[in-house]
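Engineer: Compute the structure for the input listed below.
(one chain, ligands or ions: 1)
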Amino acid sequence: MQTTRCLVTGCAGFVGSHLCDALLALGCTVVGVDNFFSGHRRNMAAFADHPEFHFYETCVTNTGELAALLARHAPLRVCFHLAAVVSVSWSMEHPERTLEVNYQASQRLHAACREQGARAFVFAGSAAEYGETGAAAIREEAATPDTVQASPYGRAKYLSSRLIEHSGFGVSLRCFNIYGPRQDPGSPYSGVISRFCQQALAGEPVTIFGDGGQTRDFIYVADVVQAYLLAAGLAGPHKIPLCGAFNVGRGESTSILELAAVVAGVAGSALAPRFSPSRPGDIRHSLADVGKLEAATGFLAGVAMREGLEKTVEWMRREDRDRDEADSLRARA
Ligand code: UD1
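Structural biologist: Below is the predicted model of the structure:
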């Protein structure tokens, strides 16, 4: 019997690597693509040697290589397209390259998958497609051609989502603030949760930009993976791939001050937060209206904030231990 063949671009990334774990556990064959621009080889450690995982180190803008691997692994049933320029600040400095990677490459891959007869195309959209809406809970219709996104990153993601929606083939998942194990805490532009957890575990106060009254809709990575499987028609009661654009969030608002308090509790830190000036262009409130995805698939995010934070902190502690062990082995060698 032939297994379900899936392409995952961005397979070494934070979300992409968790998606590969889940697809292989479902018995799928996974063709993974990554160029390690922001992904890490260590994210693939659990599945790199899996007999049903086939890895290609290349960029999604490399049309020739992508066409060759699509042909080699035809027929692909699902394409999960997550590879992208993920840093908003990098996108500000490199708008043209961002458009090339986050839009033009998506356009070509979408056309190639459609031509090949793939059953589903699932694109990693973003809440950044909405810009500043002022809405209490953001609905999918809020992103229009007139929307002014705050960055080339948001604009390119929107152009791809719109192309997919208008084509009638494929789905864009507009994820809100994703967090969990394997999210890289190492840069000033990393997600707030990975930064807070790292600071708290290092015995440092967490840094809040602004007054901490800004709010976000945080969703744990395992919930996001479930949304990807549902969108592709690989999970759920109906197993029908979705079409169009869908928000993926918990539909719950958490302020950065509240977050700091929960992280302190989970990580066992008694230090008060430190306050720094607001980040320029920071959005005040961002909350998903999750009704459209729930109506289509029954999806509701299941992992509560505290549980997700406990798993994230546990992972970070393990990473620190592994790093210390490797350092002491190297020192003894
Ligand atoms: C997130 C996305 C971004 C996307 C945007 C669109 C991440 C990492 N970034 O940005 O790609 O364009 O949604 O809606 O998911 N903060 C602190 N201290 C810190 C770090 C952050 O107080 O050390 C604050 C920020 O000022 C912000 C909030 O926490 O108000 C969330 O920040 P962040 O995790 O970077 O995500 P977004 O700004 O929402």
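Engineer: residue boundaries of the helices in the stretch 101-250 of the chain?
Structural biologist: Secondary structure of the stretch 101-250 of the chain, counting by DSSP state H, counting those that start in this stretch: helices at 105-115, 152-167, 192-201, 221-231.
Engineer: In terms of secondary structure, what does the longest one contact?
Structural biologist: Same thing as helix 152-167. In terms of contact count using 3 or more Cβ pairs under 8 Å, 6 or more residues apart in numbering; DSSP states H and E, helix 152-167 is assigned the packing partners helix 88-93, helix 95-99, helix 105-115, strand 120-126, strand 171-175, strand 244-248. C-beta coordinates here come from the backbone N, C-alpha and C atoms, glycine included.
Engineer: and those, which one is worst for confidence?
Structural biologist: When these are compared on average pLDDT, helix 88-93 comes out lowest at a mean of 88.
Engineer: quick one: buried residues of that helix?
Structural biologist: Val88, Trp90, Ser91 (16 or more other Cβ atoms under 10 Å).
Engineer: Return the residues of the chain in contact with the ligand.
Structural biologist: Selection of the chain residues close to the ligand by Cβ under 6 Å from any ligand atom yields 88, 126-128, 154, 177, 191-192, 195, 207-209, 214, 216, 256, 279, 282-283, 286.
Engineer: out of the residues you listed, which are buried?
Structural biologist: Judged by neighbour count, with buriedness set by 16+ other Cβ under 10 Å, the buried members of those are 88, 126-128, 154, 177, 191-192, 195, 208, 214, 216, 256, 283, 286.
Engineer: So which of those is the closest to Gly268?
Structural biologist: Distances from those to Gly268 were compared by Cβ to Cβ; the smallest belongs to Arg195, at 17.3 Å.
Engineer: Restricting to C-alpha, output stretch 105-117 in PDB.
Structural biologist: Once side chains and other backbone atoms are set aside, the C-alpha atoms of stretch 105-117 remain, and they are given as PDB (Å, rounded to 0.1, in the frame of the first residue of the first chain):
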ATOM      1  CA  ALA A 105       8.300  31.200  -4.600                       C
ATOM      2  CA  SER A 106       4.900  30.400  -3.000                       C
ATOM      3  CA  GLN A 107       3.200  31.300  -6.200                       C
ATOM      4  CA  ARG A 108       5.400  28.900  -8.200                       C
ATOM      5  CA  LEU A 109       5.200  26.100  -5.700                       C
ATOM      6  CA  HIS A 110       1.400  26.400  -5.500                       C
ATOM      7  CA  ALA A 111       1.100  26.200  -9.300                       C
ATOM      8  CA  ALA A 112       3.400  23.200  -9.500                       C
ATOM      9  CA  CYS A 113       1.500  21.300  -6.800                       C
ATOM     10  CA  ARG A 114      -1.800  22.100  -8.500                       C
ATOM     11  CA  GLU A 115      -0.400  20.900 -11.900                       C
ATOM     12  CA  GLN A 116       0.800  17.700 -10.300                       C
ATOM     13  CA  GLY A 117      -2.700  17.000  -8.900                       C
END
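Engineer: Sort out which residues of it are buried, please.
Structural biologist: Within stretch 105-117, the residues scored as buried using 16+ other Cβ under 10 Å are Ala105, Ser106, Leu109, His110, Ala112, Cys113.
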